[in-house]
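Enquirer: Sequence and predicted structure are below.
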Number of protein chains: 2
Amino acid sequence: MKNILVGQSGGPTAVINSSLYGVIKQGFLYRDEHIEHVYGMVNGIEGFIRGDYLDMEKEFSTETLEQLKTTPAAYLGSCRYKLPDSLDDIVYSKLFARLNQMNIGYVLYIGGNDSMDTVSKLSRYGSRINSPIRFIGVPKTIDNDLTLTDHTPGFGSAAKYVASTVREIAIDASIYNTKSVTIVEIMGRHAGWLTGASALARQFEGDNPVLIYLPETDFDENTFIKQIEKAFETKKNLVVCVSEGIHDSDQKFICEYGNSIGTDNFGHKMLAGCGKYLENLLRSKLGIKVRSVELNVTQRSCTAQISMTDLNEAIEAGSYAVISALHGHTGEMVAFRRISESPYKVVCTLQNVDDICNQEKTVPIQWISENHADVTEEFITYTRPLIQGNVTVPVKDGLPAFVYRK
Amino acid sequence: MKNILVGQSGGPTAVINSSLYGVIKQGFLYRDEHIEHVYGMVNGIEGFIRGDYLDMEKEFSTETLEQLKTTPAAYLGSCRYKLPDSLDDIVYSKLFARLNQMNIGYVLYIGGNDSMDTVSKLSRYGSRINSPIRFIGVPKTIDNDLTLTDHTPGFGSAAKYVASTVREIAIDASIYNTKSVTIVEIMGRHAGWLTGASALARQFEGDNPVLIYLPETDFDENTFIKQIEKAFETKKNLVVCVSEGIHDSDQKFICEYGNSIGTDNFGHKMLAGCGKYLENLLRSKLGIKVRSVELNVTQRSCTAQISMTDLNEAIEAGSYAVISALHGHTGEMVAFRRISESPYKVVCTLQNVDDICNQEKTVPIQWISENHADVTEEFITYTRPLIQGNVTVPVKDGLPAFVYRK
């Protein structure tokens, strides 16, 4: 009889707790046979190093465990802690001493590429000292930038949020009989998956968003203005979606151009995004009505647009991680393989975390249109299945009810 | 047999089309008896002056008419057009000539206090020339700032959006083990109803948002910083909600302090909201992690958080306007009277538009807490019934399906 230890790390998603739910449920299934306790690290590996953890059985009732599935952010708390590169660092022996003392047999770590670095290091240290403890990574990130997996849990719900919100913004932007541009800034510093998902917002040919710019290509202001002017030839109200990470050919972020000048009363830089900068650029160059909307953290925390497909896959990834660890796997991450496009079907597999950690999967250049201002049908075909299915979130007093740590 | 003419004006809401639906449905009910056609002005009175209108029967199928109920923004298009103050202006005689030529008997105008100014002028001109045409206003505004009505359609859904989104932002903000402030900027230039609704986000005593600032009171930066420091004594991650229209005791908007300095590469002012300004202020004064989120247009266009109560009342307001006009009323606006608090129950009444137009109803000072950084229980008791009930929006391909003008 061993214990399970699960942690969450990096930025949250709408379904990172669904994966936690999957781990807990699967762990409880094996209780009294292979598993005694399921523990959760508080604030990831950083908190665990401090000795901060919780017993999942004491933490949840049957009802609150079900609520966990649709509670956003990271229930256990998160961290952005990088373990030392040298496996000789004292932190590893301390960590393994604690793991052994707690009779941990299986460690599941839910996170993105930085978190997979943690899994990689722990499993490498483990094999160096011949530890029987198994380490498995559970993928999550709205950025969809993990390699060796078809996609990541968290992306589908964020994509659904982006697409539905851009559709709502587009219809809102179309009500006045005057020319206008609405710029929507979407998360994604290096990978444009989420911004590309805004293409799903279109209800008919020629519908907004008319222009979509990803960080995979260089952004040129003059080309941008020409593309806006051209779009105005056939449409009065334009919606333009941009990744926060768009940059020029010198690899300088567009948002930095705004920041380099704006200072507040204290002489401090007013940090503003590229959407705000481009709003200003268009207004001054074209003299038209422009506004910008930064979708911000709601992209990763909105529960009203959780994709059922994403939720179920996030749970499955958590369960599969437990089963894999119990089967003796270590140093691997749960990955999705798409075995059928129509009907859409994925299966879970395992991939070596060493090949995943610290890598970024960007949108393939052949999925970006030739004018670098849209995505192709292939991108849409890839993304559409991931946003399917609506989820009913438990409601109390007219609002979504979430479970929280006391 | 007369015709109905309906228009939409001012900023949109998530349920302004529900009121349009109510007008059309009620108009169709009387068809072949009192009513021949239901026409819609395109882009409000401004478009109608240009001769732009649509026949609602040709516009909708049974299916698309039902979709209209949950389609955000203004289906007919909107305007921000103010009719001339002098009723001697030639525009009035032209307008009435067109109304007579189209055999219009009843004009319903869906809008806020500026739009009620249009209803007031048209009905006053009508009675001056003894026109039999009836003019009725249908209230709408997310700002909830119309006088002589318990509340306005559009507010409930926006309040539900604000409360649920702030709850999600709060839980997102709590995952790291470091001190942080998240500032949420909410719409409302002069009235703090919507910002106050963020208080509903709290799930337990002491929950976020810990501080709420409305434009009904003066905002003082030093007091603000002291209140933040005090809140940190018991809580690590703070969420603060501010109205976009908060101002100091000189009545200068806080957002103007940021704008007065920031300029971009072109020497143009970088317009930023008060949230961005306060983010910067706190970061420089306290040296902590601060971010700001501007909820922006999604407050009025998000369909995922439409309140069933709001939707039904918006439809009812539209129906009641038609019935009132057919009964000979003119120069009046549909208003809600709350006849019971528990269970919550409102009835429709009529109020003179002359007493409503160009007025603003702000949050009563006794509903703001003594420290001017929260709302009272009375505010919450007033607001909570308005956000009750969830609405299922028709879905196609994983996204909300909206009806749009071809």
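Expert: That came in fine, so what should we check first? Residues are numbered from 1 along each chain as shown, chains lettered A, B, ... in the order given.

Enquirer: what distance separates stretch A:289-297 from the centre of its chain?
Expert: 20 Å (CA atoms, centre = their mean, to the nearest Å).

Enquirer: That one close to chain B?
Expert: Yes: using CB under 8 Å from any CB of the partner chain, stretch A:289-297 reaches chain B at A:R291, A:V293, A:E294, A:N296, A:V297. No exception for glycine: its C-beta is placed from N, CA and C like everyone else's.

Enquirer: So which residues of the stretch 51-200 of chain A form helices?
Expert: Along the stretch 51-200 of chain A, counting by DSSP state H, counting those that start in this stretch, helices occupy A:56-59, A:62-68, A:90-101, A:113-128, A:155-173, A:193-196.

Enquirer: hmm, back to that, which of the residues of stretch A:289-297 next to chain B sits closest to B:P72?
Expert: Nearest to B:P72 out of those is A:V293 (CB to CB; 14.2 Å).

Enquirer: Helix, strand, or coil at the closest one?
Expert: Look at A:V293: counting by DSSP: H, G, I helix; E, B strand; the rest coil, its state is strand.

Enquirer: out of the helices of the stretch 51-200 of chain A, deepest packed?
Expert: Stretch with highest mean neighbour count among the helices of the stretch 51-200 of chain A: helix A:193-196 (a mean of 30; mean count of other CB atoms under 10 Å in any protein chain shown).

Enquirer: quick one: that one to chain centroid distance?
Expert: Relative to its chain's centre, helix A:193-196 lies at 11 Å (CA atoms, centre = their mean).

Enquirer: partner strands of whatever helix or strand comes next after that helix, parallel or antiparallel?
Expert: Next along the chain after helix A:193-196, taking DSSP states H and E as the criterion, comes strand A:211-213. Strand A:211-213 sits in its sheet next to strand A:237-243 (parallel), going by DSSP bridges.

Enquirer: pull the CA atoms of the strand it pairs with into CSV?
Expert: The C-alpha trace of strand A:237-243 is given here as CSV (Å, rounded to 0.1, in the frame of the first residue of the first chain):
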residue,chain,number,x,y,z
ASN,A,237,-17.2,47.4,-38.7
LEU,A,238,-14.0,45.4,-38.5
VAL,A,239,-12.9,43.1,-35.7
VAL,A,240,-9.2,42.2,-35.6
CYS,A,241,-7.7,39.5,-33.3
VAL,A,242,-4.1,39.7,-32.3
SER,A,243,-1.9,37.5,-30.1
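
Enquirer: can you list the residues that contact that strand?
Expert: For strand A:237-243, contacts defined as CB atoms under 8 Å, 6 or more residues apart in numbering or on different chains pick out A:166, A:169-170, A:173-174, A:176, A:179-189, A:192, A:194-195, A:198, A:208-215, A:219, A:228, A:231-232, A:254, A:274-275, A:278.

Enquirer: Stretch A:343-360 too?
Expert: A:113-114, A:116-117, A:119-120, A:123-124, A:136-137, A:145-150, A:190-191, A:309, A:313, A:316-317, A:320, A:324, A:329, A:331-339, A:385, A:388.

Enquirer: What ranges in chain A fall below the confidence cut-off?
Expert: A:259-271 (pLDDT under 70).

Enquirer: quick one on the thing from earlier: most neighbours, which of the residues of stretch A:289-297 next to chain B?
Expert: A:V293 (25 neighbours; other CB atoms under 10 Å in any protein chain shown).

Enquirer: contacting residues for that residue?
Expert: Listed by CB under 8 Å, 6+ apart, the contact set of A:V293 reads A:I169, A:T182, A:I183, A:V184, A:E185, A:G275, B:N296, B:V297, B:T298.

Enquirer: looking at it, the first one is touching A:E185, isn't it?
Expert: No: taking contact to mean CB atoms under 8 Å, the distance of 11.5 Å between A:I169 and A:E185 leaves them out of contact.

Enquirer: most remote residue from chain A's center?
Expert: A:N177 (37.5 Å; CA atoms, centre = their mean).

Enquirer: how close does A:S342 sit to A:I306?
Expert: 23 Å (CB to CB, to the nearest Å).

Enquirer: returning to that earlier point: how about JSON lines for the helices of the stretch 51-200 of chain A, with distance to B:H34 added?
Expert: Formatted as JSON lines, the helices of the stretch 51-200 of chain A follow (distance: least, CB to CB, whole Å):
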{"stretch": "helix A:56-59", "distance to B:H34": "64"}
{"stretch": "helix A:62-68", "distance to B:H34": "52"}
{"stretch": "helix A:90-101", "distance to B:H34": "80"}
{"stretch": "helix A:113-128", "distance to B:H34": "67"}
{"stretch": "helix A:155-173", "distance to B:H34": "33"}
{"stretch": "helix A:193-196", "distance to B:H34": "52"}
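
Enquirer: Ok, which of those comes nearest chain B?
Expert: Nearest to chain B among the helices of the stretch 51-200 of chain A is helix A:155-173; the distance by CB to the nearest CB comes to 4.1 Å.

Enquirer: can you pull out the strands in the stretch 201-350 of chain A?
Expert: A:211-213, A:237-243, A:289-294, A:332-341, A:344-352 (DSSP state E, counting those that start in this stretch).

Enquirer: what's the fourth one in contact with?
Expert: What that stands for is strand A:332-341. If you take CB under 8 Å, 6+ apart as the criterion, strand A:332-341 is touched by A:116, A:119, A:136-139, A:146, A:148-151, A:313, A:317, A:320-321, A:324, A:344-353, A:356, A:381, A:385.

Enquirer: on that earlier part again, return the most buried member of the strands of the stretch 201-350 of chain A.
Expert: Burial of the strands of the stretch 201-350 of chain A is given as mean neighbour count (mean count of other CB under 10 Å); strand A:237-243 ranks first at a mean of 27.

Enquirer: Return the residues in contact with the closest residue to A:S369 other than its chain neighbours.
Expert: Distances taken as CB to CB, 6 or more residues apart in numbering or on different chains put A:T376 closest to A:S369, at 5.8 Å, once the chain neighbours are dropped. Applying CB under 8 Å, 6+ apart, we find A:T376 in contact with A:Q366, A:W367, A:I368, A:S369.

Enquirer: Tabulate the residues you listed (TSV), appending neighbour count and secondary structure.
Expert: Shown next, in TSV, are the contacts of A:T376 (neighbours: other CB atoms under 10 Å in any protein chain shown; DSSP: H, G, I helix; E, B strand; the rest coil):
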residue	neighbour count	secondary structure
A:Q366	9	helix
A:W367	21	helix
A:I368	22	strand
A:S369	15	coil
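
Enquirer: Just name the closest of the residues you listed to A:I24, please.
Expert: Nearest to A:I24 among the contacts of A:T376, counting by CB to CB, is A:W367 at 36.5 Å.

Enquirer: Now the residue farthest from the centre of chain A: phi and psi?
Expert: phi -90, psi 30 (degrees, to the nearest 10).

Enquirer: Am I right that it is in contact with B:F48?
Expert: No: between A:N177 and B:F48 there is no contact, the gap being 11.8 Å when judged by CB under 8 Å.

Enquirer: coming back round to it: now distance to chain B too, for the helices of the stretch 51-200 of chain A, in CSV please.
Expert: Formatted as CSV, the helices of the stretch 51-200 of chain A follow (distance: least, CB to the nearest CB, whole Å):
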stretch, distance to chain B
helix A:56-59, 16
helix A:62-68, 11
helix A:90-101, 17
helix A:113-128, 13
helix A:155-173, 4
helix A:193-196, 15
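
Enquirer: Out of the ones you listed, which is closest to B:D248?
Expert: Nearest of the helices of the stretch 51-200 of chain A (CB to CB): helix A:155-173, 31.2 Å.

Enquirer: just checking, what packs against the closest one?
Expert: strand A:180-186, helix A:193-196, strand A:237-243, helix A:298-301, helix A:308-326, helix B:298-301, strand B:399-400 (3 or more CB pairs under 8 Å, 6 or more residues apart in numbering or on different chains; DSSP states H and E).
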